Each structure stands twice: as structure tokens, then as C-alpha cells.
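# Everything below, folded, please.
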Amino acid sequence: MDLKPLLPYLPQAEVLPLLDHWLKDEAFDLAIHRPRATKLGDFRPPKKGARAKITLNSNLGKYQFLTTLVHEIAHLRVWNAYGRKAAPHGIEWKTTFGAMLIELEQECTWPEEYRLAILHHATHPKSAVGGDPRLQKAILSLDSDSAFTLLADVNIGAAFFFKGRQFKKLEKRRTRALVEEIASQKQFTIPLVAQVEPA
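Numbering: from 1, shown residues only. Predicted coordinates:
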């Protein structure tokens with residue numbers, strides 16, 4: 001598979017040989033998809049008479065695109081090795097994805113914040129990048145030209161705006177925060193990696 005068409009979406013050409021190494025024996029189709037609100041990319045196992053498929057959103061920043069691509073390639077490799085015997089984000093996928101992130105760090109030169117974040121993520125891979133505030137913060141800082149605040153960075157008791165509504169952060173949980181909407185006094189949980197605007 002010729003991966004050169006992916007160059008405009010990737011942070012650097014240095015990663016192409018590694019991607020080629022991972023994919024040289026894999027049969028699949030790759031498509032750039034229109035932006036989707038619910039996912040950054042996905043892996044679809046092969047249907048009868050068709051090949052497996054990886055899709056990635058066209059509007060991702062370059063580091064988000066690369067990290068999502070590696071995540072989905074891990075799904076492809078696990079599917080081809082184990083089929084339905086492996087859970088989608090089970091131990092086989094976590095082991096494969098973690099090893100790929102370590103290889104990614106070793107084979108290419110990265111900004112320090114991304115390098116350290118992917119090494120940290122490799123030890124406890126999450127089913128979504130958004131489950132790891134450290135990695136998400138590194139990716140957003142590299143992909144964005146403007147300042148941003150994650151809900152993880154908001155102090156308990158502080159107010160913030162999210163999607164045009166004002167909330168107060170009540171407590172931090174594992175990957176989400178319990179918040180209270182100021183106007184309605186209703187409580188919700190919002191992912192810690194959500195981008196918010198301090199009040």
C-alpha cells in the first residue's frame with residue numbers, strides 16, 4: 001500500500017517507514033472520512049468478500065491523526081492475529097498498541113511532550129485517547145495554535161463554560177468530572193479531557 005497520500009495528515013515523513021513496516025503484510029482499506037462528532041476514527045472487521053477497513057476523520061490535527069491511526073492499526077493487527085477471540089480493547093489490543101507506541105517513540109524524533117505522553121500511554125493504553133488527559137493535552141498543544149483549557153485543569157469549585165453553558169466543577173473521578181450546571185443546578189459528568197473556557 002502506498003502511504004504517501006497520508007503525508008499531508010501526518011506530523012512528519014519520518015514516520016512513513018514505520019507505518020509501512022506495520023502494514024506491509026496487512027490486507028485492508030484506508031479511507032479519510034468527513035468529520036464525525038462521535039469518533040475520530042474506527043476499524044471495521046472484514047465482511048464476507050470484503051477487506052477490513054480503517055477510517056479516520058479528515059479534520060484531525062496531525063498528532064491526533066497519527067495517534068488515532070496507530071490505535072486503529074493495532075485493532076487491525078489484533079483482528080488479523082486473533083479474530084473474534086480478542087475483545088476490541090482487551091489485553092491483546094492493549095499489549096499490541098502499547099508495543100507500537102514504544103516503537104513509535106524509539107524509531108522517530110518527537111517533541112518531548114509527545115514523546116513522554118506516548119510512553120506513559122503505552123503502559124496503560126486507553127480505549128480512546130480522550131481517556132488519557134496527559135496524552136490529549138500534549139496532542140492539543142501540538143495541534144493547536146491557540147491556548148486551551150481542559151476540564152482536568154479546572155480547580156474543584158471553579159466555574160467554567162462548556163458548549164455555551166456555565167458549570168461548576170464538583171469533584172474529579174477517574175476519567176470524568178462531576179459538575180453542576182449553574183442555571184438549572186442539575187448535575188452531569190463531563191470527560192476530564194473536554195476543552196472548556198474558564199469563567
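# Which residue lies nearest the spatial centre of the protein?
residue 129 (3.1 Å; Cα atoms, centre = their mean).
# And whichever helix or strand residue 74 is part of, what does it pack against?
Residue 74 belongs to helix 62-82 when assigned by DSSP states H and E. Here helix 62-82 touches helix 16-23, strand 41-44, strand 52-57, helix 91-107, helix 133-143, going by 3 or more Cβ pairs under 8 Å, 6 or more residues apart in numbering; DSSP states H and E. From N, CA and C alone the C-beta is placed, and that goes for glycine too.
# Next, count neighbours for the nearest residue to residue 42 once chain neighbours are set aside.
Of all residues not flanking residue 42 in the chain, residue 55 sits nearest, at 5.6 Å (Cβ to Cβ, 6 or more residues apart in numbering). By other Cβ atoms under 10 Å, 20 other residues sit near residue 55.
# Residues in contact with the longest strand along the chain: which ones?
Ranked by residue count and defined by DSSP state E, the top strand of the chain is strand 165-172. Residues from elsewhere that reach strand 165-172 (Cβ atoms under 8 Å, 6 or more residues apart in numbering): 151-152, 154-161, 177-183, 187-188, 190, 192, 199.
# Weed out the non-buried ones from those.
Burial by neighbour count, 16 or more other Cβ atoms under 10 Å: within the contacts of strand 165-172 this picks out 151, 152, 154, 159, 160, 177, 179, 180, 190, 192.
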